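Student: Quick one: sequence plus predicted model below, questions after.
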Amino acid sequence: MDDNKPGFNSIDEYIDAFPVEVRSKLDELRAIIKAAAPEAQEKISYQMPTFTLNGNLIHFAAYKKHIGFYPVPRSVEEFKDELMMYKGTKSSMHLPLDRPLPAELISRIVKFRVADRLKNTGSKLGR
């Protein structure tokens, strides 16, 4: 990690480090994730905003022209067609800063990740 980069202690601190137009996108993305995974906890991991639920659930990070959204289930048939419209890697999605966030798609991805985390850890919510 670059020693000259700031170390963030909270998602609020991370978001506050960006210009207002980027902050609004980050706040919107955070709200979508919270609504889709209300049981998830927030933290900073790898200097990125992270939501956890029985381990890491979702990370996101702002870049010059996009917000990186990780991990994204690109190999899942249910999402393949919609995700083809977005650049990314095999497990990420680049959300362009100059376009509206695909709130419904993001919400479905987060809910998928929640179900996957719970299935893989054998946990249930609401105990």
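Tutor: Sure, I can see it. Numbers count the residues shown, from 1 in each chain.

Student: Which pLDDT value belongs to the nearest residue to Leu26 once chain neighbours are set aside?
Tutor: Nearest residue to Leu26 in three dimensions, chain neighbours excluded: Ile15, at 4.6 Å (C-beta to C-beta, 6 or more residues apart in numbering). In short, each C-beta sits where N, CA and C put it, glycine included. As predicted, Ile15 sits at a pLDDT of 98.

Student: could you point out the longest helix in the chain?
Tutor: Ordering each helix of the chain by length in residues (DSSP state H) puts helix 103-121 first.

Student: elements contacting that helix?
Tutor: Other helices and strands packing on helix 103-121, by 3 or more C-beta pairs under 8 Å, 6 or more residues apart in numbering; DSSP states H and E, are helix 20-36, strand 56-62, helix 77-83.

Student: so where's the chain shaky on pLDDT?
Tutor: 1-6, 122-127 (pLDDT under 70).

Student: 90 instead?
Tutor: Along the chain, the parts satisfying pLDDT under 90 run over 1-7, 72-78, 80-81, 89-91, 117-127.
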